[in-house]
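Asks: Quick check, what structure comes out for this input:
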Amino acid sequence: MAAIKEKVWGDLEKRYQDQDIQNFLQEATLMDPRFKGRLEVSVAEAWDRLEKAVIDNATAAQLPIEDPHQSEAGEEEDQGGIHPRGAHKMSALEQLFEDEDRELLHTSQTTSSALSITEQVQKEMEMSKGLPAIPSGQDPVAWWASKRDTLPNLFVLSEVCLCVQASSTPSERVLSCAGHAISQERCRILPEKANMVIFLQKNC
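Replies: So this is what the prediction gives:
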């Protein structure tokens, strides 16, 4: 088994010579809770690149995108006492406690913004490094879903790193269908007809 693993690893190293691809694979390995402790090369550099990627992603997600014309129109409607389309109409209870609710919202926003994005990401990175690895048979997507509240910034990036793995299964299934459609008994079938038969076998 060890010899097979070495041959597979050697083949993968030959296939992915591009430095960007290697960096991404290392970062994806660190994001996978099953294998983050098994990365043997450039671990510190990989963690630094991953931290930078999380900070860049979190910063881009918090940038406000506003339409100046829409904001001006909204201000005019608010001044005229007209609720903008889709705006929440306050209930009598909300109107009664409007000042208290506004102060509570302001307090929560101040507390959440006490740490900068960089500090938040660094804190999450330290927590992630301290978490133990999980067995290889456990679902990493479900693991990240359970850590969504404690590691929100890392969770967002995990959806990119832990995408669906490349597989040759669909193409092999097409070849199997083609083997049934094109045979010795049907060796004069036209390409257009073969495409139609394979399509029907795959989708019906």
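Asks: all helices of this structure, in order?
Replies: 2-15, 19-31, 43-62, 68-79, 92-96, 98-112, 117-130, 140-146, 152-161, 169-181, 191-203 (DSSP state H).
Asks: and those helices as a markdown table, adding distance to Gly37 and mean neighbour count?
Replies: Every residue, glycine included, has its C-beta placed from N, CA and C. Below are the helices of the chain laid out as a markdown table (distance: least, Cβ to Cβ, whole Å; neighbours: other Cβ atoms under 10 Å):
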| stretch | distance to Gly37 | mean neighbour count |
| --- | --- | --- |
| helix 2-15 | 16 | 9 |
| helix 19-31 | 9 | 16 |
| helix 43-62 | 9 | 15 |
| helix 68-79 | 49 | 11 |
| helix 92-96 | 50 | 9 |
| helix 98-112 | 31 | 10 |
| helix 117-130 | 10 | 15 |
| helix 140-146 | 13 | 14 |
| helix 152-161 | 16 | 18 |
| helix 169-181 | 29 | 12 |
| helix 191-203 | 41 | 13 |
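Asks: Let's have these in JSON lines, adding mean pLDDT.
Replies: As requested, the helices of the chain are arranged in JSON lines below (pLDDT from 0 to 100):
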{"stretch": "helix 2-15", "mean pLDDT": "74"}
{"stretch": "helix 19-31", "mean pLDDT": "79"}
{"stretch": "helix 43-62", "mean pLDDT": "83"}
{"stretch": "helix 68-79", "mean pLDDT": "44"}
{"stretch": "helix 92-96", "mean pLDDT": "80"}
{"stretch": "helix 98-112", "mean pLDDT": "70"}
{"stretch": "helix 117-130", "mean pLDDT": "88"}
{"stretch": "helix 140-146", "mean pLDDT": "89"}
{"stretch": "helix 152-161", "mean pLDDT": "85"}
{"stretch": "helix 169-181", "mean pLDDT": "79"}
{"stretch": "helix 191-203", "mean pLDDT": "84"}
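Asks: The chain - how does it break down into domains?
Replies: 1-61+112-163, 169-203 (automatic domain parsing).
Asks: so which of those domains gets nearest Leu93?
Replies: Closest approach to Leu93 among the domains of the chain (Cβ to Cβ): domain 1-61+112-163, 25.2 Å.
Asks: Sounds good, over and out.
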